[in-house]
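1. Compute the structure for the input listed below.
(chains A and B)
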Amino acid sequence: SQQGEEDPQALSIQEGENATMNCSYKTSINNLQWYRQNSGRGLVHLILIRSNEREKHSGRLRVTLDTSKKSSSLLITASRAADTASYFCATDAAGNTGKLIFGQGTTLQVKP
Amino acid sequence: GAVVSQHPSWVICKSGTSVKIECRSLDFQATTMFWYRQFPKQSLMLMATSNEGSKATYEQGVEKDKFLINHASLTLSTLTVTSAHPEDSSFYICSANPSGSSSQRQFFGPGTRLTVL
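-> Reported below is the predicted structural model:
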């Protein structure tokens, strides 16, 4: 398996705090994507960052990418109870096949 | 945005039966679709690449005779779990990207929860 690793595996914070999740991967990539998944539901696409980008923002989300370290981070600022979900990073390997390799995921709980 | 649907959203079947899951791209064409499987409290694992008009390519460890994939049109891929057993109970999700699109983003279906009794 080429699955990457995410840490922490679980994170519990209070509403209003920031949440940071990290993702490491193994191969060269075209892009890295972050997804959210509520319990038992489908995936929600959050952000796609290309291999030549270092940082990207979307609302309260900030994603960084360090290709030299093969790692990425997702920062959620001013968290809300509705942010409670599992978060996955996924890499699209170089070669642009469209195949995504998912990390193991971080389960985030935001307490009201 | 591009929409991908799956049918059914959930299915319960008896051990030994076969189950077909459909993945449709509603507003775009896709020559390639992907099938993933997610066991409870785990991440998504790529099972296979569905290729329109040709055979699917399977990831290592995925039995092609057990998970039959047919991609007969540019908007429909089907995954048939043959002779399903309780260990096949899982969440099956498909994804697709519009053919010819410069976007690298994959669009995911809502998933199908399979429970084999």
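
2. in the chain, which spans are strands?
-> Assuming you mean chain A. Taking DSSP state E, the strands of chain A run over residues A:5-7, A:10-14, A:19-24, A:29-37, A:43-50, A:55-58, A:61-66, A:71-76, A:85-93, A:100-102, A:106-111.

3. wait, I meant chain B there
-> B:4-7, B:10-13, B:19-25, B:32-38, B:44-51, B:57-58, B:67-73, B:76-81, B:90-96, B:107-108, B:112-116.

4. Got the confidence number for residue A:2?
-> You'll see residue A:2 listed with a pLDDT of 47.

5. right, so of the strands of chain A, which gets closest to residue B:25?
-> Smallest distance to residue B:25 across the strands of chain A (CB to CB): 15.3 Å, for strand A:43-50. For every residue, glycine as well, the C-beta is placed using N, CA and C.

6. Let me see the residues that make contact with the closest one.
-> By CB atoms under 8 Å, 6 or more residues apart in numbering or on different chains, the residues outside strand A:43-50 that reach it are A:30-38, A:55-56, A:58, A:61, A:63, A:65, A:72, A:74, A:87-88, B:44, B:93, B:104-105, B:107-108.

7. Weed out the non-buried ones from those.
-> A:30-37, A:56, A:61, A:63, A:65, A:72, A:74, A:87-88, B:44, B:93, B:105, B:107-108 (16 or more other CB atoms under 10 Å in any protein chain shown).

8. re earlier: include mean pLDDT when you put the strands of chain A into TSV, please.
-> Converted to TSV, the strands of chain A look like this (pLDDT from 0 to 100):
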stretch	mean pLDDT
strand A:5-7	83
strand A:10-14	96
strand A:19-24	96
strand A:29-37	93
strand A:43-50	94
strand A:55-58	97
strand A:61-66	98
strand A:71-76	97
strand A:85-93	92
strand A:100-102	93
strand A:106-111	96
